[in-house]
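Novice: how would this look folded up:
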Amino acid sequence: MMKKPIPSIYALLLSLCVSVCPAWGKGATTGSWAFDSENTVIGFSKTYVIKGGESLIELAPEFDVGYNEIVEANPGVDPWVPGRGTVINIPSFKVLPNAPPEGIVINLAEMRLYYYFKPHDKRKEDMFQDDDLRIISFPVGIGIEGFNTPVGEFYIQQKIKDPAWYVPASIRKEHPELPAEVPPGTDNPLGPYALRLSDPSYLIHGTNRPFGIGRMASHGCIRMYNKDIKRLFNMVRRGTPVNIIYQPVKVGRKDGNIYLEVHRDYLLKLRNPGSVINARLESLVNFLPVNKKLLRQALKNKTGMPVMITEHPRF
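Specialist: Here you go, the predicted model:
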């Protein structure tokens, strides 16, 4: 018997679901970094020159960054038609979130996931012989307004390969033509892998809509590019802690210099960014004086890229 084709309305609904060893570059896989509490800025600056009819939207998955990241990093550039020869900033330089370096940390404000692991946790992907803590980071998509991804502490309860999508009752109520279950395949919004959180309503999963990464596009679940969720799926174990936070402003240090990374405060929770910055600076030991003009400029521009704000930088 032939399977009943999935209604065309799915096109809309499935977009709502629920010091380095880098390999950065177009088409490359995200690298990992050694964790160092004294140097909390990872990655490096990178640019790319637009060739032909490329758009920022198309380039984002090739560089393993989210839509939000590549657009914020290139203010004034048309994301659809940047123009041949335009030099594009690739946001591969990041301040680590202010959170315990354990398990998975997801910063909703920047729509990015950080995974802290020991080399032996990588299993088949083990490339390192040392036993130091390392970090790997991936862009994510998060919940739309009204279905916001929750902040809080969770853990990985279940790992699912080729998950089926059980359509939530709230969606079926609005669209009764949808089936109760969508099997694995190209029409499934969960992609090839899923990690169920301790709150079973939420998953970290792949997607059949890669342009939703770096956007508020789900019903609360956390989406990843399929190549990224496959890698994370093979690295994490059940019980891995997941800390979901909201930090539009991050302060870090690298080689003694202070860096500020500012993202759009889409939830309007950041009443006084200055107090957040001061508190973070006070937590650092022997930090260098800060240039107030550079600090204010970084807060204004909100490029999502680390900006050095040290008064007299060390090089």
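Novice: Please, where are all the helices along the stretch 201-315 of the chain?
Specialist: 226-235, 273-283, 292-301 (DSSP state H, counting those that start in this stretch).
Novice: Show me what the second one is packed up against.
Specialist: Just to be clear, that refers to helix 273-283. Secondary-structure packing of helix 273-283 (3 or more Cβ pairs under 8 Å, 6 or more residues apart in numbering; DSSP states H and E): strand 249-254, strand 257-262. Just so you know, the C-beta spots here come from the backbone N, C-alpha and C atoms, and that holds for glycine as well.
Novice: Out of the ones you listed, which one sits most buried?
Specialist: The highest mean neighbour count among the helices and strands packed on helix 273-283, using mean count of other Cβ atoms under 10 Å, belongs to strand 257-262: a mean of 24.
Novice: Show me what that one is in contact with.
Specialist: Residues outside strand 257-262 that contact it (Cβ atoms under 8 Å, 6 or more residues apart in numbering): 41, 94-95, 110, 248-253, 273, 277, 281, 284, 287-288, 290, 295, 298-299, 301-310, 313-314.
Novice: Work out the sheet partners of that strand and label each with its direction, please.
Specialist: strand 249-254 (antiparallel), strand 307-308 (antiparallel) (DSSP bridges).
Novice: Show me where this protein dips below the pLDDT cut-off.
Specialist: The chain contains residues with pLDDT under 70 at 1-30, 120-131, 285, 315.
Novice: Let's check: the centremost residue of it is which one?
Specialist: Arg112 (1.7 Å; Cα atoms, centre = their mean).
Novice: is it true that that residue touches Ile136?
Specialist: No - using Cβ atoms under 8 Å, Arg112 makes no contact with Ile136, being 11.2 Å away.
Novice: Doesn't Pro97 belong to a helix?
Specialist: No - checked against DSSP: H, G, I helix; E, B strand; the rest coil, Pro97 lies outside a helix; its state is coil.
Novice: any idea whether Lys51 is helix, strand or coil?
Specialist: Per three-state DSSP, Lys51 ends up coil.
Novice: Now do the contacts for Ser137.
Specialist: With contact taken as Cβ under 8 Å, 6+ apart, Ser137 is in contact with Thr30, Ile42, Lys94, Arg112, Leu113, Tyr114, Tyr115.
Novice: Could you list the residues in contact with the lengthiest strand in the chain?
Specialist: The strand that spans the most residues within the chain, counting by DSSP state E, is strand 152-161. For strand 152-161, contacts defined as Cβ under 8 Å, 6+ apart pick out 103-104, 192-200, 202, 233, 236-244.
Novice: try 6 Å this time
Specialist: 193-199, 236, 238-244 (Cβ atoms under 6 Å, 6 or more residues apart in numbering).
Novice: Buried ones among the residues you listed?
Specialist: Those of the contacts of strand 152-161 that meet the buried threshold are Tyr193, Ala194, Leu195, Arg196, Leu197, Val236, Thr240, Val242, Asn243, Ile244, by 16 or more other Cβ atoms under 10 Å.
Novice: can you tell me which two in these are farthest apart?
Specialist: With distances taken as Cβ to Cβ, the most widely separated pair in the buried ones among the contacts of strand 152-161 is Tyr193 and Asn243, at 20.6 Å.
Novice: Now do the contacts for the closest residue to the residue nearest to the centre of the chain other than its chain neighbours.
Specialist: Distances taken as Cβ to Cβ, 6 or more residues apart in numbering place Pro139 nearest to Arg112, at 5.6 Å, with adjacent residues excluded. Residues in contact with Pro139 (Cβ under 6 Å, 6+ apart) are Val65, Gly66, Arg112, Ile213, Gly214.
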